[in-house]
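Chemist: Give me coordinates for this.
(one chain, ligands or ions: 1)
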Amino acid sequence: MTGRRTQFRGVGAYLPERIVTNDELAARMDTSDAWIRERTGIRERRIAAPDEKTSDLALEASRRALAAAGRDACELDLIVLATATPDRTFPSTATAVQAGLGMTGGAAFDVQAVCSGFIYALAVADNFIRAGQSRSALVIGAETFSRILDWNERETSVLFGDGAGAVVLEACEDDPRHLLSTHLHSDGRHGDMLYVDGGPSSTRTVGHLRMKGREVFKHAVTNLTEVVDEALAANGLGPEAIDWVVPHQANLRILRATGRKLGIGDDRVIVTVDRHANTSAASIPLALAAGVGDGRISEGDMLLLEAMGGGFTWGAALARW
Ligand code: UT7
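Modeler: Numbering: from 1, shown residues only. As a prediction, the model looks like this:
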């Protein structure tokens, strides 16, 4: 390895306190714990308190990531925050986190790629670091999807949850522990398969999430398999080189189907969808924090991160932790 690369220094996560079980949802709408578990693997999700904003979740996750990295916010020169549920249309949620951390220098902005947002934000920060424009970056995935769900629609409202995760990244030289590569894709022709039916320049309202679940499912398995193959090939690696897959957590059946197609066993996949449901851009850093926190992921492990979301957008990253 030569030249300047990006290294993970720490990860942090934050989940709202309130746990909502499938049974609680079944008491409110025509669904059941059995259907939700069988079709998605979800048992429960966290829902933000009425006064808890995306930036509040992001700020707490960021503080924990900085503590894990042994770094102070004033050492950062970049914040990239992935969200599809910002506090406000503007200013960015990243600048709210910046103010909360007491950081007055550097640059902070949001990235929007829905469920692929964390991979997109990671790729942006990695390119800033490799280009020499940044030395130390905070990359955050934070969402309050409970705010954009149509709670009268059982097809979508049972699938999502709220949460945030963050990583601290730093420039490194000649260290095998670094981000190997990131791979991003999008195809805007599929915009009406997973979208929010509102926005400032169209309906002037916030709107609600709408999804053609079965169609998204089919595209997800195909796109994820292709982008993972691309990431492995770009680094001359095979699936056996992967210690842990840290995937976006949309549906346990998608995780299992993708793993089977790639030849990566269930015992090498971090799963949090059962406890968190789909937290969109927050799901990968939340899963990473879970794997690191319980000791499954250890220094030097090869990680594969992958995600697919509305747009469609999808992507993957390979990193030696
Ligand atoms: O993170 C971004 C990417 N998002 C995803 O990757 C999500 C991808 N899609 C999925 O995860 C799955 O397609 C779903 C979990 C959304 C749905 O699973 P499915 O196996 O594709 O079910 P379906 O949509 O084909 O619906 C099957 C049945 C339908 O009834 P009929 O028409 O067969 O009588 C639905 O009305 O299940 C019914 N149904 C429900 N029943 C109980 C749909 N939602 C519910 C529900 N409770 N909550």
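Chemist: Once you drop chain neighbours, what's closest to the closest residue to the ligand within the stretch 1-150 of the chain?
Modeler: Relative to the ligand, the nearest point of the stretch 1-150 of the chain is residue 31 (3.3 Å; C-beta to the nearest ligand atom). Bear in mind the C-beta positions are built from the backbone N, C-alpha and C, glycine included. Closest residue to residue 31 apart from its sequence neighbours, by C-beta to C-beta, 6 or more residues apart in numbering: residue 154 at 4.7 Å.
Chemist: got it, and residue 32?
Modeler: residue 26 (5.2 Å).
Chemist: Repeat that for residue 192.
Modeler: Here the residue nearest residue 192, using C-beta to C-beta, 6+ apart, is residue 212, at 7.9 Å.
Chemist: Tell me which residue in the stretch 201-321 of the chain sits closest to the ligand.
Modeler: residue 213 (2.8 Å).
Chemist: hmm, back to that, need the per-residue pLDDT for the residue nearest to residue 32.
Modeler: If you check residue 26, the pLDDT there is 98.
Chemist: How many residues are close by it?
Modeler: By the criterion of other C-beta atoms under 10 Å, residue 26 has 17 neighbours.
Chemist: do residue 256 as well
Modeler: Neighbour tally, residue 256, other C-beta under 10 Å: 15.
Chemist: Next, it: secondary structure please.
Modeler: Following DSSP: H, G, I helix; E, B strand; the rest coil, we place residue 256 in the helix state.
Chemist: swap in the one 4 residues further on?
Modeler: Taking three-state DSSP as the rule, one finds residue 260 in the helix state.
Chemist: so what's it up against?
Modeler: If you count contacts by C-beta atoms under 8 Å, 6 or more residues apart in numbering, residue 260 has none.
Chemist: mind checking how far it is from residue 98?
Modeler: Remark: distance between residue 260 and residue 98 (C-beta to C-beta, to the nearest Å) = 42 Å.
Chemist: tell me the SS of the residue of the stretch 1-150 of the chain closest to the ligand?
Modeler: coil.
Chemist: need the contact list for it.
Modeler: Residue 31 neighbours (C-beta under 8 Å, 6+ apart): 22, 25, 154, 158.
Chemist: Pull out the buried members of those.
Modeler: By neighbour count, with 16 or more other C-beta atoms under 10 Å, the contacts of residue 31 hold 22, 25, 154, 158 as buried.
Chemist: which residues sit in contact with residue 225?
Modeler: 258, 261, 262.
Chemist: Go through those and name the one nearest residue 243.
Modeler: residue 262 (14.0 Å; C-beta to C-beta).
Chemist: For burial, what's the neighbour tally of the closest one?
Modeler: Neighbour number of residue 262 under other C-beta under 10 Å is 20.
Chemist: Who are the contact partners of it?
Modeler: So residue 262 contacts 225, 228, 229, 239 (C-beta under 8 Å, 6+ apart).
Chemist: So which residues of the stretch 201-321 of the chain form helices?
Modeler: For the stretch 201-321 of the chain, the helices defined by DSSP state H, counting those that start in this stretch cover 213-234, 252-262, 273-276, 283-293.
Chemist: Of all the residues in the second one, which ones are buried?
Modeler: Pointing back at helix 252-262 there. So for helix 252-262, counting by 16+ other C-beta under 10 Å, buried means 252, 253, 254, 255, 257, 258, 259, 262.
Chemist: Please apply the same query to the third one.
Modeler: By neighbour count, with 16+ other C-beta under 10 Å as the criterion, the buried positions of helix 273-276 are 273, 275, 276.
Chemist: Same check on stretch 70-85?
Modeler: Buried positions in stretch 70-85, judged by neighbour count with 16+ other C-beta under 10 Å: 71, 73, 76, 77, 78, 79, 80, 81, 82, 83, 84, 85.
Chemist: The residue of the stretch 201-321 of the chain closest to the ligand is in contact with residue 155, isn't it?
Modeler: Yes. Residue 213 is in contact with residue 155 according to C-beta atoms under 8 Å; the separation is 6.3 Å.
Chemist: The stretch 1-150 of the chain against the ligand: which residues are in contact?
Modeler: 31, 35, 39, 40, 115 (C-beta under 6 Å from any ligand atom).
Chemist: got the contact list for residue 215?
Modeler: By C-beta under 8 Å, 6+ apart, the contact set of residue 215 is residue 193.
Chemist: how much space is there between it and residue 312?
Modeler: Residue 215 is 10 Å from residue 312, by C-beta to C-beta.
Chemist: tell me, what's touching these two both at once?
Modeler: Common neighbours of residue 215 and residue 312 (C-beta under 8 Å, 6+ apart) are residue 193.
Chemist: re the thing from before, the contacts of residue 225 into CSV, with extra columns for pLDDT and distance to the ligand?
Modeler: What follows is the contacts of residue 225, written out as CSV (pLDDT from 0 to 100; distance: C-beta to the nearest ligand atom, whole Å):
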residue, pLDDT, distance to the ligand
258, 93, 11
261, 92, 15
262, 91, 17
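Chemist: Since that was my last question, I'll sign off now.
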